[in-house]
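*Asks:* Generate coordinates for the sequence data below:
(one chain, ligands or ions: 1)
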Amino acid sequence: MQDLKDLKIAIVGAGYGGAAAAKALSLLGADVTVYEQASRIREVGAGIGLRPVTMNRFREWGIFDAIARVSSPSEYFEILTPTGEPIMKEAWPADGEQTRTHLIHRGDFIEALLGALPEGMVRLGHRLESVEDKGDSSVLTFADGTTAEADLVVGADGIKSVVRQRLFSDKDPVFSGEHAYRAVINVADARGMVTDDNLRMYIGRGTKVYLLPLRHRDQVSFDITARCPDGTWTPRVTKEDMLRTVEGFDERLVDITRGLDLDTVNIRAVYDIDPVGTWHSDSVVLIGDAAHSMLHHQGQGANSAIEDAGALADALRGADSVKEGLALFQATRKPVTDKLQAISRQGWTEDEIDEVFPGQAPTRTQTPTATATKE
Ligand SMILES: Cc1cc2nc3c(=O)[nH]c(=O)nc-3n(C[C@H](O)[C@H](O)[C@H](O)COP(=O)(O)OP(=O)(O)OC[C@H]3O[C@@H](n4cnc5c(N)ncnc54)[C@H](O)[C@@H]3O)c2cc1C
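*Replies:* Numbering: from 1, shown residues only. Next up, the predicted model:
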């Protein structure tokens with residue numbers, strides 16, 4: 001688009017999707033403002049893996065080094081039984097020797113992304129209440145009564161997106177029947193279970209325990225995902241409840257769980273959304289969890305949000321109008337995320353491993369080359 005430089009863009013939400021979109025779109029010269037409800041940006045204490053496609057976007061946007069400085073490259077992830085017998089070993093997708101999957105603390109990640117934006121681009125304390133789509137432009141109204149008009153509104157406001165619910169779908173998020181308990185602990189407290197930079201997932205009896213090393217911080221992200229019928233968004237859970245989820249697991253995992261400081265554990269019920277039919281009008285578009293929140297079993301939600309930001313910028317740059325760019329964006333990304341949403345709903349029981357990795361489940365250690373998790 002010729003006139004991208006005159007385009008006024010309002011992004012709702014300064015999470016990974018919103019921050020990345022702000023970076024990508026402002027690099028194209030657009031006039032970008034990000035409106036974030038929180039008065040201070042804080043991320044959950046937990047780690048995630050950034051795939052090569054994501055890292056390559058950072059390279060393109062000139063922020064690769066800022067991200068690499070606070071992350072560790074990783075070679076593979078491994079799935080094991082509760083007591084540590086290998087089920088399978090999978091090399092992370094890698095872009096030749098060029099770009100590897102990197103493990104990062106969520107807080108460091110959002111800090112690095114937001115730190116790459118020009119001063120003043122993000123306006124904190126702006127909670128969107130409603131959005132009026134006027135065709136060629138849209139008007140945002142915030143909880144404090146202020147408004148903002150933009151040629152393009154990017155709804156990057158997460159799983160409970162107001163933008164989605166007002167304009168595209170009034171369906172509620174869907175409870176997965178699971179809880180996630182997430183904490184970051186010191187390697188020294190990990191009972192000798194962290195010796196390299198590779199992700200290990202111990203699964204069995206409806207529980208998954210993830211150990212995602214953050215050795216550049218001398219820490220490890222320790223996450224339990226366990227079945228629970230209580231769909232309260234932030235449920236009340238005791239240490240005993242948590243210990244019950246890891247009964248029969250490697251004693252060291254039980255010990256780590258016992259040693260957790262509950263005040264530092266992020267506890268939440270796990271939700272996703274059903275695929276949304278349309279992500280855009282002529283002046284509003286959804287990205288990230290707002291568009292396609294997915295369960296975390298494939299570790300693709302944040303990566304998809306970054307991919308969306310890159311694809312949105314590409315589509316707008318290549319199109320003749322905003323309208324055309326948004327249609328191109330949806331056509332590029334929706335088939336990919338529809339599939340990821342579906343795959344992510346398959347967890348990692350033995351049967352489910354067999355569905356995602358046909359013929360490879362379980363009790364074998366393998367390094368398959370192509371999998372459904374690769375983008
Ligand atoms: C337990 C768990 C584990 C996960 N593990 C992984 C993983 O390993 N790898 C991975 O890639 N992904 C993972 N994810 C998914 C990942 O966290 C999300 O996909 C990602 O955070 C989506 O980014 P986003 O920017 O779209 O949304 P969010 O991160 O939710 O950001 C939305 C932003 O919008 C703001 N906002 C919301 N409403 C409003 C409003 N009305 N007005 C203004 N601002 C608003 C919020 O405050 C927030 O800052 C996991 C998720 C969970 C729950």
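*Asks:* only C-alpha atoms for contact and neighbour calcs from this point on.
*Replies:* Fine.
*Asks:* can you pull out the strands in the stretch 151-300 of the chain?
*Replies:* Using DSSP state E, counting those that start in this stretch, the strands of the stretch 151-300 of the chain run over residues 152-155, 174-186, 199-204, 207-214, 219-227, 266-272, 284-286.
*Asks:* does any bit of the first one sit next to the ligand?
*Replies:* No. Using Cα under 6 Å from any ligand atom, strand 152-155 stays clear of the ligand, with a minimum separation of 8.3 Å.
*Asks:* Where does the prediction get shaky in the stretch 151-300 of the chain?
*Replies:* Counting by pLDDT under 70, the stretch 151-300 of the chain shows no low-confidence range.
*Asks:* Any residues of it in contact with the ligand? List them.
*Replies:* So far as Cα under 6 Å from any ligand atom goes, the stretch 151-300 of the chain lies against the ligand at 156-159, 161-162, 180, 270, 288-290, 296, 299-300.
*Asks:* tally of neighbours for residue 257?
*Replies:* 23 (other Cα atoms under 10 Å).
*Asks:* Contact partners for it?
*Replies:* Contacts of residue 257 were listed using Cα atoms under 8 Å, 6 or more residues apart in numbering, and they are 242-243.
*Asks:* residues contacting residue 7?
*Replies:* Contacts for residue 7 were tallied using Cα under 8 Å, 6+ apart; they are 30-31, 151-152.
*Asks:* In the residues you listed, which residue is surrounded by the most others?
*Replies:* Ranked by the number of neighbours (other Cα under 10 Å), the contacts of residue 7 place residue 152 first, at 25 neighbours.
*Asks:* follow-up on the earlier one: would you mind finding the most buried of the strands of the stretch 151-300 of the chain?
*Replies:* Greatest average neighbour count among these goes to strand 284-286 (a mean of 29), per mean count of other Cα atoms under 10 Å.
*Asks:* Other residues contacting that strand?
*Replies:* 133, 138, 152-156, 163-164, 279-280, 326.
*Asks:* what separates that strand from the chain centre, distance-wise?
*Replies:* 18 Å (Cα atoms, centre = their mean, to the nearest Å).
*Asks:* pLDDT wise, what is the most centrally placed residue in the chain at?
*Replies:* Residue closest to the average C-alpha location in the chain (Cα atoms, centre = their mean): residue 302, at 2.2 Å. Note on residue 302: pLDDT of 98.
*Asks:* Ok, residue 374 next?
*Replies:* Note on residue 374: pLDDT of 25.
*Asks:* Tell me who's in contact with residue 329.
*Replies:* 311-312, 315-316.
*Asks:* Could you identify which of the residues you listed has the most neighbours?
*Replies:* residue 312 (26 neighbours).
*Asks:* The helix or strand it falls within - contacts with which helices or strands?
*Replies:* For residue 312, the element it lies in under DSSP states H and E is helix 301-318. Contact here means 3 or more Cα pairs under 8 Å, 6 or more residues apart in numbering; DSSP states H and E; on that basis helix 301-318 packs against helix 16-27, helix 52-60, helix 322-345.
*Asks:* Quick check: buried residues in the second one?
*Replies:* Same thing as helix 52-60. Buried residues in helix 52-60, counted by 16 or more other Cα atoms under 10 Å: 52-58.
*Asks:* For residue 196, which residues are in contact?
*Replies:* 213, 215.
*Asks:* what about residue 238, distance to the ligand?
*Replies:* 18 Å (Cα to the nearest ligand atom, to the nearest Å).
*Asks:* For residue 261, see how far away that residue is.
*Replies:* Residue 238 is 11 Å from residue 261, where distance means Cα to Cα, to the nearest Å.
*Asks:* ditto for residue 155
*Replies:* 35 Å.
*Asks:* Then residue 249?
*Replies:* 20 Å.
*Asks:* I appreciate the help and will end here.
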